[in-house]
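[1] How does the following fold in three dimensions:
(chains A, B, C and D)
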Number of protein chains: 2
Amino acid sequence: MTMSGPDPEDLTARARIRDAALQNFGEHGFERATIRGIAETAGVSSGLVRHHFGSKQELREVCDAYLTKMIRRLNDQVRANTVPGDVNYIALGRVALGPYQQYLVRALTEGWAAPVFDELVELGEQWLAEADAKRPDPPYADRKARAALSVAMALSVPILHRQLSRTVGVDVFSPEGDHLLAKAMLDIYSHPILSPEEAAEMRDALDKIHDTPPRAERVTAIRQDEEHDHE
Amino acid sequence: MTMSGPDPEDLTARARIRDAALQNFGEHGFERATIRGIAETAGVSSGLVRHHFGSKQELREVCDAYLTKMIRRLNDQVRANTVPGDVNYIALGRVALGPYQQYLVRALTEGWAAPVFDELVELGEQWLAEADAKRPDPPYADRKARAALSVAMALSVPILHRQLSRTVGVDVFSPEGDHLLAKAMLDIYSHPILSPEEAAEMRDALDKIHDTPPRAERVTAIRQDEEHDHE
DNA sequence: ACGGCGACTACACGTAGGTATAGTGTGCTT
DNA sequence: AAGCACACTATACCTACGTGTAGTCGCCGT
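    Next comes the predicted model:
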């Protein structure tokens, strides 16, 4: 069902191990993935993994670096090929990442792969720059912050894919799920929940709140019954 | 700096263990957290953890259930107290969750805590229902999908907090970071990147793409140089 | 031919950590 | 007081896994 990447037979053992690591880290997470499991996936002995990469941590770092390079290449590709207003590249990115998408998501949520995130943010900034040019009023926050947030939001789909798939009833990685989510996203991005007036009002409220943070009694009321919850 | 929750001395050992588990699972993740570490945090022996909860997995499930109850209570609170257009409750939720926010995020990304996510989606649906009433054109996707996506997007902030904090230069959990992100979010939600016309156009394009998925040659071009990347 | 070198394997080691068990104290019921 | 249930500790056990070592095979330059 999912595309299988290059034929494993074509690669050097080192490359196969790296790919296996990408896959295993992605599927099980860094902690749960084992060197032996990776070695088995790659069709080599566990010793060879150590021979090539030294340690599990170093292996991860190589994976991060590889992914960074790949994303960078993808970015360039996108920037070169894309016609303005082409959303297709999101889907393209997803497909191109293919089996490594899960790894990306893991790395990002665990706080690694900073260059990858930065790359994506930069792409987002360029994107926003065009949009900003067309709008009359000044943005509420600087472009980088908005770009970072947009990227994070876009990433929430693969990150929470399990929850989303369960909720909407189709695998979000399947063409149907992808299609559904893409439409939902288009709708959200084009039909703001807030009118400019509401937003301005809230922003002002926010500025006030910032001075007077939420009161403690409202907070503690929610978990006051710690003791008697043993059913 | 972060609020410390109820005084540990006040709680039964069982409750303390559960709280310690919430904290440890949240900070280190399920795999990396250890029963011994949780026991130490709770100030008890590791054997007692097993005595009360049987196994690490069961302990997690109890944590999930507890969190679910807490979220449900929070929801009710919100629904009762909130005046329409009050964004404050997002901040309220964040503060109320307090030390358990990290646990929530871990559980959700790992695919657990489904009831919590469902709870949030339901809240989102109610929210959307009001917004939908005011809009003339039909949404592109059903309400549940849009609600789920919105929830996922909102969750992307705590999930990717490390990346976001690094990128914007302030801790997103600090008041300043929170404020900055909230403003960025307000901006995004009120100033759509896409005009309705663009969105409609893209949606139509999307429907076409759905029939003709991205061509393989564009995909494979991105990772064709597998072999020679050993610097 | 041969020595060296790198890819690769088999296997041993140490240990962290989940699980299991036996034992101790304490309070409650009869 | 006896008996019991249960919270709790100390400690042992066992497996999994990261790491380390020694050795084999095959290729290449001389």
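[2] Only C-alpha atoms from now on, for both contacts and neighbour counts.
    Will do.
[3] in chain A, which ranges drop under the pLDDT threshold?
    In the predicted model of chain A, residues A:1-10, A:82-93, A:209-231 satisfy pLDDT under 70.
[4] mind checking the longest helix of chain A?
    helix A:56-81 (DSSP state H).
[5] Tell me the buried residues in that helix?
    A:56, A:59-60, A:62-64, A:66-72, A:74-75, A:78 (16 or more other CA atoms under 10 Å in any protein chain shown).
[6] So is it next to DNA strand C?
    No: Helix A:56-81 lies apart from DNA strand C when judged by CA under 7 Å from any atom of the strand; the minimum separation is 13.2 Å.
[7] can that helix be found next to DNA strand D?
    Yes: against DNA strand D, helix A:56-81 shows contacts by CA under 7 Å from any atom of the strand at A:Lys56, A:Gln57.
[8] Which strands and helices lie in contact with that helix?
    When contacts are defined as 3 or more CA pairs under 8 Å, 6 or more residues apart in numbering or on different chains; DSSP states H and E, helix A:56-81 sits against helix A:13-28, helix A:114-133.
[9] what about that helix, distance to the chain center?
    Mean-position distance between helix A:56-81 and its chain equals 14 Å (CA atoms, centre = their mean, to the nearest Å).
[10] tell me the contacts of the closest residue in space to A:Ser195 that isn't next to it in sequence?
    Leaving aside its sequence neighbours, A:Ser195 sits nearest to B:Ser190 (CA to CA, 6 or more residues apart in numbering or on different chains; 5.7 Å). Neighbouring residues of B:Ser190 by CA atoms under 8 Å, 6 or more residues apart in numbering or on different chains: A:Pro192, A:Ile193, A:Leu194, A:Ser195, A:Pro196, A:Ala199.
[11] So what touches stretch A:161-175?
    Contacts with stretch A:161-175, where a contact means CA under 8 Å, 6+ apart, come from A:157, A:176-178, A:181, B:108-109, B:111, B:114, B:117-118, B:144-145, B:148-149, B:152, B:210.
[12] ok, now how distant is the residue nearest to A:Ser195 from B:Leu180?
    15 Å (CA to CA, to the nearest Å).
[13] Please apply the same query to A:Leu22.
    Remark: distance between A:Leu22 and B:Leu180 (CA to CA) = 34 Å.
[14] higher neighbour count, the two?
    Remark: of A:Leu22 and B:Leu180, A:Leu22 carries more neighbours, 27 against 21, as counted by other CA atoms under 10 Å in any protein chain shown.
[15] Would you confirm that the more buried one contacts A:Gly98?
    No: using CA atoms under 8 Å, A:Leu22 is not in contact with A:Gly98, being 11.1 Å away.
[16] any chance of the contacts of B:Ser190 in a markdown table, plus secondary structure and neighbour count?
    Conversion of these to a markdown table gives the following (DSSP: H, G, I helix; E, B strand; the rest coil; neighbours: other CA atoms under 10 Å in any protein chain shown):
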| residue | secondary structure | neighbour count |
| --- | --- | --- |
| A:Pro192 | coil | 20 |
| A:Ile193 | coil | 23 |
| A:Leu194 | coil | 19 |
| A:Ser195 | coil | 13 |
| A:Pro196 | helix | 16 |
| A:Ala199 | helix | 24 |
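[17] quick one on the thing from earlier: just the contacts of stretch A:161-175: which are in helices?
    Those of these lying in helices (DSSP H): A:157, A:176-178, A:181, B:108-109, B:114, B:117-118, B:144-145, B:148-149, B:152, B:210.
[18] Can you flag the buried ones in those residues?
    Listed as buried from these are A:157, A:177-178, A:181, B:108-109, B:114, B:117-118, B:144-145, B:148-149, B:152; burial here means 16+ other CA under 10 Å.
[19] residues contacting the residue nearest to A:Val151 when sequence neighbours are not counted?
    Nearest residue to A:Val151, sequence neighbours excluded (CA to CA, 6+ apart): A:Val121, at 6.2 Å. If you count contacts by CA under 8 Å, 6+ apart, A:Val121 has them with A:Lys144, A:Ala147, A:Ala148, A:Val151.
[20] And the residue lying closest to A:Gly26 once chain neighbours are set aside, how close does it get to DNA strand D?
    Spatially, and ignoring its direct neighbours in sequence, A:Gly26 is nearest to A:Tyr103 (3.7 Å; CA to CA, 6+ apart). Remark: distance between A:Tyr103 and DNA strand D (CA to the nearest atom of the strand, to the nearest Å) = 16 Å.
[21] wait, what's in contact with A:Tyr103?
    By CA under 8 Å, 6+ apart, A:Tyr103 lies in contact with A:Leu22, A:Gln23, A:Phe25, A:Gly26, A:Glu27, A:Gly29.
[22] which SS class is it?
    helix (DSSP: H, G, I helix; E, B strand; the rest coil).
[23] Those residues of chain A touching DNA strand C, which are they?
    That would be A:Thr12, A:Ala13, A:Arg14, A:Gly43, A:Val44, A:Ser45, A:Ser46, A:Gly47, A:Leu48, A:His51, A:His52, which are the residues of chain A within reach of DNA strand C (CA under 7 Å from any atom of the strand).
[24] which residues touch the third one?
    For A:Arg14, the contact set (CA under 8 Å, 6+ apart) comprises A:Val49, A:His52.
[25] Now name the helix or strand holding A:Ile188.
    Assessed by DSSP states H and E, A:Ile188 sits inside helix A:175-190.
[26] Which residue lies nearest the spatial centre of chain A?
    Note on chain A: the residue nearest the mean C-alpha position is A:Leu155, at 3.4 Å, using CA atoms, centre = their mean.
[27] Distance across stretch A:133-149, terminal residue to terminal residue?
    19 Å.
[28] residues of it that come out buried?
    By neighbour count with 16+ other CA under 10 Å, stretch A:133-149 contains the buried residues A:Pro139, A:Tyr140, A:Ala141, A:Arg143, A:Lys144, A:Ala145, A:Arg146, A:Ala147, A:Ala148, A:Leu149.
[29] List the contacts of that stretch.
    Identification of contacts with stretch A:133-149 by CA under 8 Å, 6+ apart yields A:121-122, A:124-125, A:128-129, A:132, B:157, B:164, B:167-168, B:180-181, B:183-188.
[30] same thing but at 6 Å, please
    A:Val121, A:Gly124, A:Glu125, B:Val168, B:Lys183, B:Ala184, B:Asp187 (CA atoms under 6 Å, 6 or more residues apart in numbering or on different chains).
[31] What is the neighbour count of the third one?
    Looking back up the chat, that one is A:Glu125. Other residues within reach of A:Glu125, judged by other CA under 10 Å, total 21.
[32] Show me which residues of chain A sit near chain B.
    Contact residues (CA under 6 Å from any CA of the partner chain) of chain A with chain B: A:96, A:109, A:111, A:140-141, A:145-146, A:152-153, A:156, A:160, A:162, A:168, A:183-184, A:187, A:189-190, A:192, A:194-196, A:219.
[33] Tell me the one among the contacts of A:Tyr103 nearest to A:Leu206.
    Lowest distance from A:Leu206 to the contacts of A:Tyr103 (CA to CA) belongs to A:Gly29, with 37.5 Å.
[34] any idea how far the closest one is from DNA strand D?
    For A:Gly29, the distance to DNA strand D (CA to the nearest atom of the strand) stands at 10 Å.
[35] count of neighbours near the closest residue in space to that residue that isn't next to it in sequence?
    Excluding the flanking residues, the one nearest A:Gly29 by CA to CA, 6+ apart is A:Arg106, at 6.5 Å. Burial of A:Arg106 is recorded as 23 neighbouring residues (other CA under 10 Å).
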